[in-house]
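Enquirer: Provide a 3D model corresponding to the input given below.
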Amino acid sequence: MSHLLIIDDEQSICWGLAQLAEQLGHRATTAVSAEQGLATAGKARPDMIMLDVRLPGMDGLAAMQHFQKAAPSVPIVIMTAYGELSTAVAAVRNGAFDYLTKPFDLAVAQRVIESALKHGARPVDETVRLPPKDPDGAIVGASPPMQEVFKRIALVAPSDACVHIRGESGAGKELVARAIHRYSRRAAGPFVAVNMAALSPSLAESELFGHVRGAFTGAEQSRKGLLEQAGGGTIFLDEVADIPLPLQVKLLRVLEFGEIVPVGGETSVRSDFRLISATHQDLQEKVSEGTFRHDLYFRLITFEIEVPPLRQRREDIAPLVEHFIDMLAERNPGPRPSVSPEALAALQRREWYGNVRELRNAVEHALILSRGGIIGPEHLPPPLLPAGLGYPLAGGGGEEEALAALIRSWTETQLQGTPEVQDLYERFLRMVEPPLLKTALQHAGGQCLAASRRLGLHRTTLRKKLDELGIGGEE
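Expert: Residues are numbered from 1 along each chain as shown. Here you go, the predicted model:
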């Protein structure tokens, strides 16, 4: 029987974990503050400590150091519902065995308890950089999905392992890569980012590996490649699925031996860098298709992080909006703009197929139209459709689904913004009929008869609608 000390100011958490510990055959003691927990530990040494971050009085991260001095061999599991990335990094750096984000499943807690009791305490890792204050490119979010991302960043940052980041376009994959670099032992070195989709196959090899003078027409002098430039730091290969197959062979050799052979060169150059890759495509599918090497795939996915789409963490939309307003308002003089409750509600209802990038653009668009005043629903741009994103959406996705999503978003915005609306159907028809009829008429060369056949309308009906809308057309 082991003794678990559970410290949390939420009685329900203490009770639930204590019940779990007893079901596992252990004894549990609870405390509502760090000070009470330290006093309890002084009387009866625990075999494991589960410690909340936000506590009245001394916080959990500060209390960790006191517990480690008193009982250095006791594993400590940190719990939090409000942690930022810096909290997760500090917890790992200070020797936390694991990092549980609330709300957590009891099955997850059970696995953590059993593992901690089996393996014991983790040492303080002095190689992990302490979190800098207000770093540029901070990742904003406090939702459970982002808490998991923070945890995985904190766990992998101290190592030199290859990291692969998955997620939809605009979800923030490069921000995650930069965070891993910022909290790693390589933080003083360069961070080199390259989008492989932006490089033509003929230029990609020279860009990555460099070239010697005379290697090809126009190579008037030798040039270091990006892999060599990243020496001592990190290289981030975005859209890694677009690397040409011949280049994948060379990249695999670099990862295995750390040697780079420039284009046209015979002598290899050594470079010590860490590789972080990302893509919005399915790499496993690419391997199955034969367009991506399976041996390179397994090297890249040593450790994976999946960045959730914005629609799966809607509670982060409000803080993201405030973050973007603060960031964009700094560039313009005058009072800080604000967002109306109606506009914020409209933003929170959108599907955000363009993710955080689309949200930022929407906020900037609204700031321009509102001219520094209160942002209302009328200042927001139309939502982005999912077509062409190239990432598998839940339930599939096509033109009809994209259009349905757009109509749902527009309808919800109208109903929320004006609860007394009674002409929504007519308003919708006035919005969609003109572009529909104009486009059909253009494709028919301006001929009403041909356009009416395409639309499935009687010619007289179409002519009447065109006259009402002030749209010309030949009979």
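Enquirer: List the buried residues in stretch 346-366.
Expert: Within stretch 346-366, the residues scored as buried using 16 or more other Cβ atoms under 10 Å are 346-347, 349-360, 362-363, 366. Every residue, glycine included, has its C-beta placed from N, CA and C.
Enquirer: and this protein, what are its domains?
Expert: 3-119, 159-306, 310-417, 424-469 (automatic domain parsing).
Enquirer: end-to-end on the last one?
Expert: Using Cα to Cα, to the nearest Å, the end-to-end distance of domain 424-469 comes out at 18 Å.
Enquirer: How about stretch 227-235?
Expert: End-to-end distance (Cα to Cα), stretch 227-235: 7 Å.
Enquirer: related to what we said a few turns ago, could you tell me the least trusted of the domains of the chain?
Expert: For the domains of the chain, mean pLDDT drops lowest on domain 310-417, to a mean of 79.
Enquirer: On the three-state scheme, residue 9 is what?
Expert: coil (DSSP: H, G, I helix; E, B strand; the rest coil).
Enquirer: contacting residues for it?
Expert: Counting by Cβ atoms under 8 Å, 6 or more residues apart in numbering, residue 9 touches 32-33, 52, 54-56.
Enquirer: just to revisit the earlier point, out of the domains of the chain, nearest to residue 152?
Expert: Closest to residue 152 of the domains of the chain is domain 159-306 (Cβ to Cβ; 4.8 Å).
Enquirer: So what's the gap between that closest one and the chain middle?
Expert: On the basis of Cα atoms, centre = their mean, to the nearest Å, domain 159-306 is displaced by 20 Å from the centre of the chain it belongs to.
Enquirer: cool, and stretch 52-61?
Expert: The answer for stretch 52-61 is 27 Å, by Cα atoms, centre = their mean.
Enquirer: List of residues touching it?
Expert: 7-10, 13, 32-35, 51, 63, 78-83, 87, 90-91, 94.
Enquirer: Now which of those would you call buried?
Expert: Here, 16+ other Cβ under 10 Å leaves 7-9, 13, 32-35, 51, 63, 78-81, 83, 87, 90-91, 94 buried among the contacts of stretch 52-61.
Enquirer: Among the residues you listed, which lie within strands?
Expert: Among the buried ones among the contacts of stretch 52-61, the members falling in strands (DSSP state E) are 7, 51, 78-80.
Enquirer: Looking at these, which is nearest residue 174?
Expert: Using Cβ to Cβ, those come closest to residue 174 at residue 80, 25.5 Å.
Enquirer: Any idea what that closest one is bridged to?
Expert: Here residue 80 sits in beta bridges with residue 101, going by DSSP bridges.
Enquirer: My read is that residue 427 contacts residue 410, right?
Expert: No: counting by Cβ atoms under 8 Å, residue 427 does not reach residue 410; the two are 9.7 Å apart.
Enquirer: in the stretch 351-475 of the chain, which spans are strands?
Expert: Here the stretch 351-475 of the chain has its strands, by DSSP state E, counting those that start in this stretch, at 374-375.
Enquirer: scratch that, the stretch 101-250 of the chain
Expert: 163-166, 191-195, 210-211, 223-224, 234-238.
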